[in-house]
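In: got a predicted model here, sequence first, then my questions.
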Amino acid sequence: RPVPIRRRDGDWHLDLDRIADEVRGRHGAPCRALFLVNPHNPTGRVFRRDELEVLAELAAEHDLLVISDEAHAELTYDGYRHIPFAAVSEEAAARTVTITSGSKAFNLAGVRCAVAHIGAKEVRDAVDAHRGMLFGQVSALGVDALRAAWTAGDPWLKTVRELLARNRLRVAERLPEGVVYRLPEATYLAWLDCRALDLGDDPSAFFLERARVMLFRGPDFGPEGRGFARLNFATSPAVLDEMLDRMRAAVPG
């Protein structure tokens, strides 16, 4: 039961009233679990403590299991602070499954190793009952790669974050006129509002055909993604400039 994030006063905000309505079953059966993506994909929003506290109170009131995807947390930019949902309170920690990996910050998706911190005892017991074979086993290579990233990868990660911080500004400077883009607070993703260009529900199709630049389809993120596209700027400045120049050249006028 998706609840779209809303743009208000030039920023992205959780629709806390809508979330509460959905949890309480105002539009159907009451919910039993809450899925949270923080930092948010695709907008790059880092949720504030007061927002997370409201969600924690709602989860406690309705006895919700919370599954929090925090895989982009290590890519939070200066001036913002990622707060794990389970860190909001002991009550929140006891009902939260926190999921993360090295796939985003360290580009380790190919080794297929992720981590879940299971604070909810009933879920932890259920997983333990499968003796580690619920989804197969993680390879030794995957474990070693993730351990190396988290124990010795800070200098590399610092360099990556500095590059991404510059790239997100580069996107703002070189996007086609008429594309609305708010600087992400985390992640390497730019959520592009192309509705003013009148490129239809899926602007990525236009940029693929006319600019030979492959973006992610906005509608894949739900009906509110119509007219949007997602750009991955985790690349070299030269490649990023080429992408943005092609996009600018493809837009009429």
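Out: Thanks, I have the structure now. Numbers count the residues shown, from 1 in each chain.

In: tell me where the stretch 151-253 of the chain has helices.
Out: Assigned by DSSP state H, counting those that start in this stretch, the stretch 151-253 of the chain shows helices spanning 154-174, 203-211, 237-250.

In: now these in JSON lines, with distance to residue 53 and mean pLDDT?
Out: Just so you know, the C-beta spots here come from the backbone N, C-alpha and C atoms, and that holds for glycine as well. Formatted as JSON lines, the helices of the stretch 151-253 of the chain follow (distance: least, C-beta to C-beta, whole Å; pLDDT from 0 to 100):
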{"stretch": "helix 154-174", "distance to residue 53": "27", "mean pLDDT": "97"}
{"stretch": "helix 203-211", "distance to residue 53": "36", "mean pLDDT": "98"}
{"stretch": "helix 237-250", "distance to residue 53": "37", "mean pLDDT": "97"}
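
In: pick the most deeply packed of the ones you listed.
Out: With neighbours taken as mean count of other C-beta atoms under 10 Å, these reach their highest mean count in helix 203-211, at a mean of 19.

In: present the helices of the stretch 151-253 of the chain as JSON lines; the columns should include distance to residue 26.
Out: Shown next, in JSON lines, are the helices of the stretch 151-253 of the chain (distance: least, C-beta to C-beta, whole Å):
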{"stretch": "helix 154-174", "distance to residue 26": "37"}
{"stretch": "helix 203-211", "distance to residue 26": "33"}
{"stretch": "helix 237-250", "distance to residue 26": "41"}
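
In: where do the strands sit along the stretch 1-150 of the chain?
Out: 6-8, 11-13, 33-37, 65-69, 96-101, 114-118 (DSSP state E, counting those that start in this stretch).

In: pLDDT (mean, whole number) over the third one?
Out: So the one you mean is strand 33-37. Mean per-residue pLDDT for strand 33-37: 97.

In: got the CA positions of it in PDB?
Out: C-alpha atoms of strand 33-37 as PDB (Å, rounded to 0.1, in the frame of the first residue of the first chain):
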ATOM      1  CA  ALA A  33       4.100  -3.900   8.700                       C
ATOM      2  CA  LEU A  34       5.700  -0.600   7.700                       C
ATOM      3  CA  PHE A  35       8.400  -0.500   5.000                       C
ATOM      4  CA  LEU A  36      10.700   2.500   5.200                       C
ATOM      5  CA  VAL A  37      13.500   3.600   2.800                       C
END
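
In: in that strand, which residues are buried?
Out: Within strand 33-37, the residues scored as buried using 16 or more other C-beta atoms under 10 Å are 34, 36, 37.

In: run through who's touching that strand.
Out: 19, 23, 55, 58, 59, 64, 65, 66, 67, 68, 69, 85 (C-beta atoms under 8 Å, 6 or more residues apart in numbering).

In: please pull out the lowest mean pLDDT helix or strand from the protein.
Out: Least confident helix or strand, the chain: strand 6-8 with a mean of 88, by mean pLDDT, DSSP states H and E.

In: which strands and helices lie in contact with that strand?
Out: strand 11-13 (3 or more C-beta pairs under 8 Å, 6 or more residues apart in numbering; DSSP states H and E).
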